[in-house]
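Engineer: give me a model of this one.
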Amino acid sequence: QVQLVESGGGLVQTGGSLRLSCAASGRTWPNYPMGWFRQDSGKEREFVAAVTWSGDSASYADSVKGRFTISRDNGGDTVFLQMNRLKPEDTAVYYCAADGEYAGGSDYYPTFWGQGTQVTVSS
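Structural biologist: The predicted structure follows:
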């Protein structure tokens, strides 16, 4: 079983930045995609970004494209989400995801999920 632990959430003003991290541990294996989803209260969970196992290909939701950057460390078991120019509508619980099926774009169906980290952007 894979455990995913997120960190880096918090409260920030509009226009500010945050960097989320997610470390995978447990029964890890190479060549698995990782990504981020988010869910605001009363809304469905939505795709934010995903990256291939090598880190050389990534995709983003239109709402965050140009502001957020997803990356992985050299070992591949940690994924980051750099969030710049944050807006109040980015407020949500952000969930790390790993493994599963990733076909590019928003077509990512993870197997494992983290517990989530709250991001709040004040106006």
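Engineer: alpha carbons of the longest strand along the chain, as CSV, please.
Structural biologist: Among the segments of the chain that qualify as a strand by DSSP state E, the longest is strand 18-26. Coordinates of each C-alpha in strand 18-26 appear next as CSV, following Å, rounded to 0.1, in the frame of the first residue of the first chain:
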residue,chain,number,x,y,z
LEU,A,18,2.3,28.6,-2.1
ARG,A,19,4.2,25.4,-2.7
LEU,A,20,2.6,22.0,-2.0
SER,A,21,4.7,18.9,-1.5
CYS,A,22,3.6,15.3,-1.5
ALA,A,23,5.9,12.4,-0.5
ALA,A,24,5.0,8.8,-1.4
SER,A,25,6.1,5.9,0.8
GLY,A,26,5.4,2.3,1.3
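Engineer: just the buried positions in it, please.
Structural biologist: By 16 or more other Cβ atoms under 10 Å, the buried positions in strand 18-26 come out as 18, 20-22, 24. Bear in mind the C-beta positions are built from the backbone N, C-alpha and C, glycine included.
Engineer: how far out from the middle of the chain is that strand?
Structural biologist: Mean C-alpha position of strand 18-26 versus that of the full chain (Cα atoms, centre = their mean, to the nearest Å) differs by 9 Å.
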